[in-house]
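> Show me the folded form of this:
(one chain, ligands or ions: 2)
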Amino acid sequence: MITLSGLSLEEIEHITDELGASKYRARQIHNGIYLKSAKTIDEMTDLSLKFREELKKIAVVTDVKIKVKQESADGTLKYLLEYPDGEYVETVLMRFDNRANLTACVSSQVGCAVNCSFCATGKRGFIRNLTYKEIIEQVLTIQRDTGLKVTNIVFMGQGEPLLNLDNVLKAMKIFNENFQIGARRLTVSTSGIIPGIEKLAEIDMQSTLAISLHSANHETRARLMNIENKYPLDKLHKALKSYIEKTGRRITIEYLLIKDLNDTVESAKQLVNYLNGIKCNINLIPYNPTEKNDYQKPSGNSVMRFKSLLEQSGKKVTVRLERGADIDAACGQLRGKI
Ligand code: SAH
Ligand code: SF4
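Ligands and ions are numbered 1, 2, ... in the order given. Here you go, the predicted model:
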């Protein structure tokens, strides 16, 4: 059986060719999947009954199951999805106050090999990469289930997207071309995989790059993130400078704030120094508690102090709103729990 979700128009044309149907049929199927969020071939009612029967013999719309769906008090939706091989990932839909913006937070891998000390996903270890079709299915599932159109996509679910770059790039291309989501509305978040950053700089697809920095001090960052030993701050700095030069784009720096660990005045000064000459916005993320570590949330005052110290350096700083913590859908809380 062929799964139609995630296929490009050309790929669908191969199928209609095989069935001896016109290219116009391919366009209808394509619209059915991406614009009308059809759940089944039978729902593609602009296709003739006879053609639908033919198509149903060889294809299905989707092979992903919604295992669990949870809704947070703030309206955030979290889905636990099951792929045909029995693996699970989460995907999250965030509705910000204005309804026009619907952001899907997608997973790029099952588990994650990077294993940052503060993140629940890393605790699972790495299970496998998702294919580009499996990444796309997450967004299609949200659209089919809610009847809404996703407008922004962030690769901030399970996994390190730059360690599955081929599939991530292919998915981004399809989001761009088939979902008509502008590249600027696609954000890839990375723990700082330098070869991946270099590749993104080369192809410059106008998407947003977000770097999970979390500390500008080598020892502290290494304690938080093992990856600092492989891709240390000084090398990362060079890679970021060159990314910005090549693409002309502003990057996003994500900074997780943990009480008494990296939320001090000294930490803020180090961060300002590190980001001197780096064209960026800063997104502060107050730590969300997960099991099995003793990090704590920073106080509201220390978040505000940190924010204003950074602002004095002329950077634009936002504090990430915590979404969906009551259903373990907030940053770092995804781990495929059943
Ligand atoms: N692997 C990528 C993308 C997924 S994580 C990355 O690390 O960038 C998305 C963001 O959530 C990252 O900035 C990550 O550091 C952050 N995060 C992880 N655990 C968290 C936690 N417990 N509280 C708040 N943010 C967390
Ligand atoms: Fe992986 Fe990102 Fe979690 Fe680190 S924070 S373990 S890179 S998903």
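
> how many other residues sit next to the residue of the stretch 151-300 of the chain at minimum distance from ligand 2?
Using Cβ to the nearest ligand atom, the closest approach of the stretch 151-300 of the chain to ligand 2 is made by S191 at 3.7 Å. (Glycine included, C-beta is placed from N, CA and C.) S191 sits with 28 neighbouring residues when counted by other Cβ atoms under 10 Å.

> just checking, next helix/strand downstream of the helix or strand encompassing T16?
If you go by DSSP states H and E, T16 is part of helix 9-18. Downstream of helix 9-18, the first helix or strand assigned by DSSP H and E is helix 23-34.

> what angle sits between that next one and helix 9-18?
Counting by axes from the mean of the first three to the mean of the last three Cα atoms, to 10 degrees, helix 23-34 points 130 degrees away from the direction of helix 9-18.

> if we can go back for a sec, find out how far the helix holding T16 is from the centre of the chain, if you would.
The chain centre lies 29 Å from the centre of helix 9-18; the measure is Cα atoms, centre = their mean, to the nearest Å.

> got it, and stretch 17-26?
Remark: stretch 17-26 is offset 34 Å from the chain centroid, using Cα atoms, centre = their mean.

> Could you do stretch 163-172 as well?
In terms of Cα atoms, centre = their mean, the centre of stretch 163-172 is set 11 Å apart from its chain centre.

> Sort out which residues of the helix holding T16 are buried, please.
Residues of helix 9-18 classed as buried by neighbour count (16 or more other Cβ atoms under 10 Å): 12-13, 15-16.

> and if you look at stretch 228-248?
Taking 16+ other Cβ under 10 Å as the criterion, stretch 228-248 shows 228, 231, 233, 236-237, 239-240, 243-244, 247 as buried.

> how much space between I244 and S108?
Distance from I244 to S108, counting by Cβ to Cβ, to the nearest Å: 23 Å.

> Stretch 252-270 and ligand 2 in contact?
No. Applying Cβ under 6 Å from any ligand atom, one finds stretch 252-270 separated from ligand 2 by no less than 8.5 Å.

> Contacts for that stretch, please.
By Cβ atoms under 8 Å, 6 or more residues apart in numbering, the residues outside stretch 252-270 that reach it are 118, 187, 189, 208-217, 220, 224, 271, 275, 278, 280-287, 295-299, 302-303, 305-306, 309-310, 320, 332.

> Make CSV from the buried residues of stretch 228-248 and add secondary structure to it.
Putting those into CSV (DSSP: H, G, I helix; E, B strand; the rest coil) gives the following:
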residue, secondary structure
E228, helix
Y231, coil
L233, helix
L236, helix
H237, helix
A239, helix
L240, helix
Y243, helix
I244, helix
T247, helix
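
> Out of those, which is nearest to T45?
Nearest to T45, judged by Cβ to Cβ, of the buried residues of stretch 228-248 is T247 at 43.9 Å.

> quick revisit: show the average pLDDT along the helix holding T16.
Averaging pLDDT along helix 9-18 yields 95.

> counting contacts, what elements does that helix pack onto?
Helix 9-18 is packed against helix 23-34, with contacts defined by 3 or more Cβ pairs under 8 Å, 6 or more residues apart in numbering; DSSP states H and E.

> As CSV, could you dump the C-alpha coordinates of the following helix or strand past the helix it packs on?
Sequence-wise, the next helix or strand downstream of helix 23-34 (DSSP H and E) is helix 49-58. Only the C-alpha atoms of helix 49-58 are listed here, as CSV (Å, rounded to 0.1, in the frame of the first residue of the first chain):
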residue,chain,number,x,y,z
LEU,A,49,-16.5,6.9,-7.6
LYS,A,50,-14.9,4.5,-10.0
PHE,A,51,-11.5,6.2,-9.8
ARG,A,52,-11.7,6.2,-6.0
GLU,A,53,-12.2,2.5,-6.0
GLU,A,54,-9.2,2.0,-8.2
LEU,A,55,-7.1,4.2,-6.0
LYS,A,56,-8.2,2.5,-2.8
LYS,A,57,-6.8,-0.8,-4.1
ILE,A,58,-3.3,0.6,-4.0
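
> Specify the local secondary structure of V68.
Under three-state DSSP, V68 falls in the strand class.

> Just put the buried residues of stretch 228-248 in TSV and tack on pLDDT and distance to L55.
Shown next, in TSV, are the buried residues of stretch 228-248 (pLDDT from 0 to 100; distance: Cβ to Cβ, whole Å):
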residue	pLDDT	distance to L55
E228	98	51
Y231	98	47
L233	98	53
L236	98	49
H237	98	53
A239	98	47
L240	98	48
Y243	97	44
I244	97	47
T247	96	42
